[in-house]
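Okay, sequence plus prediction incoming.
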Amino acid sequence: MYAVFVCVGVFAFANGYVNIALYKQAYQHNSEAGDTFNASNAVDGRKSNLSVDGGQCAVSYWGKKTATWWVNLYSIHSIHHIAIYFMTNNQPLGPSNLLTKYILGFSVYVSNTTDRLQGTLCYKDDNFTLFTMPAVFTTTCPVHGQYVIYYNERRQGVTNPDDYSKYVFTGLCEVEVYGCPATGYFGSNCSVPCPDVNCQYCHIETGTCQGCKPGYQGHRCELGKAAYVQL
Ligand SMILES: *[C@@H]1O[C@H](CO)[C@@H](O)[C@H](O)[C@H]1NC(C)=O
Ligand SMILES: *[C@@H]1O[C@H](CO)[C@@H](O)[C@H](O)[C@H]1NC(C)=O
Ligand SMILES: *[C@@H]1O[C@H](CO)[C@@H](O)[C@H](O)[C@H]1NC(C)=O
Ligand SMILES: *[C@@H]1O[C@H](CO)[C@@H](O)[C@H](O)[C@H]1NC(C)=O
């Protein structure tokens, strides 16, 4: 019996953060009907064929000025980092890959709604070039939210660097969102309860409370509703 518990403990410890986006509902603007380019291809766990017609990537229409994709985590989750596998046509990204210029300038948000502007901007690319754009991009974003949103745009009247494309599309073969499967816990195994007993959302690395359970207030959620009303 003791041995069984030790095994389970070791297994859970080795697990770390889990990909909480896998098989969840995904959506993209300007999408063609059918499976080949479907938004859900970016959360299906498949990333062995990164070509446009491989059926494993989310691809919105060409010739648009904005590109929007999101995954719905179904409830508010504690997120640690997000990894994006871009569509590459199975070639290295770089100046000779025609897809690279469509990725430049992208941004990643975490929001509690499908509106990116109500959420937290995790990353906005003003750093990469045709030469430095990685095929797999990872950003740390230790916040709570229900939607992870990929966005890119080529606005009229905005002057972009010369290496940027004129139009954008999604081109996401996999978007992995690593975090905790349940709220109220933190730490690299999501196994440590939030230090403040009435805290519902605590920082995934530090445990600092970021949101209390209903009916509680205060920095450490130490104020019950009745007590708070009396103050
Ligand atoms: C994408 O796939 C999902 C489930 O596989 C399906 O419900 C949805 O209609 C598809 N979307 C499009 C635009 O075809
Ligand atoms: C990717 O899929 C396409 C379309 O089915 C196919 O032609 C190509 O050989 C595949 N490439 C790889 C590396 O699997
Ligand atoms: C989502 O809601 C939770 C609970 O109110 C809050 O703690 C969190 O900051 C919100 N997330 C974003 C990205 O606004
Ligand atoms: C900026 O680009 C360089 C490669 O040129 C990369 O090493 C670095 O991580 C990037 N910084 C950010 C914040 O993305």
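It's in. Ligands and ions are numbered 1, 2, ... in the order given.

so residue 188 sits right up against residue 81, yeah?
No - under the criterion of Cβ atoms under 8 Å, residue 188 makes no contact with residue 81, lying 11.4 Å away. For every residue, glycine as well, the C-beta is placed using N, CA and C.

Any stretches of the chain with poor pLDDT?
1-15, 226-231 (pLDDT under 70).

Could you list the domains of it?
Under automatic domain parsing, the residue ranges defining each domain of the chain are 4-180, 185-230.

of those domains, which approaches ligand 4 most closely?
domain 4-180 (3.4 Å; Cβ to the nearest ligand atom).

Residue of the protein closest to ligand 1, please.
Closest point on the chain to ligand 1, by Cβ to the nearest ligand atom, is residue 38, at 3.7 Å.

what about that residue, distance to residue 31?
Taken as Cβ to Cβ, to the nearest Å, the spacing of residue 38 relative to residue 31 amounts to 7 Å.

Over to residue 86?
As for residue 86, its distance to residue 31 is 18 Å (criterion: Cβ to Cβ).

Residue 201 now?
As it turns out, when the distance is counted by Cβ to Cβ, residue 201 lies 32 Å from residue 31.

cool, and residue 192?
Relative to residue 31, and taking Cβ to Cβ, residue 192 is found at 40 Å.

and stretch 216-226, is it in reach of ligand 3?
No - for a cut-off given as Cβ under 6 Å from any ligand atom, stretch 216-226 has no contacts with ligand 3; the smallest distance is 11.9 Å.

list the buried ones in that stretch?
In terms of neighbour count (16 or more other Cβ atoms under 10 Å), stretch 216-226 has its buried residues at 216, 220-223.

Compile those residues into TSV and extend it with columns for distance to residue 62.
Supplementary listing: these in TSV, determined by distance: Cβ to Cβ, whole Å:
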residue	distance to residue 62
216	50
220	51
221	49
222	55
223	54
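
got JSON lines for those, with secondary structure too?
Formatted as JSON lines, the buried residues of stretch 216-226 follow (DSSP: H, G, I helix; E, B strand; the rest coil):
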{"residue": "216", "secondary structure": "strand"}
{"residue": "220", "secondary structure": "coil"}
{"residue": "221", "secondary structure": "coil"}
{"residue": "222", "secondary structure": "coil"}
{"residue": "223", "secondary structure": "strand"}
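
Distance to ligand 2 added to these, as TSV?
Below are the buried residues of stretch 216-226 laid out as TSV (distance: Cβ to the nearest ligand atom, whole Å):
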residue	distance to ligand 2
216	52
220	53
221	51
222	56
223	58
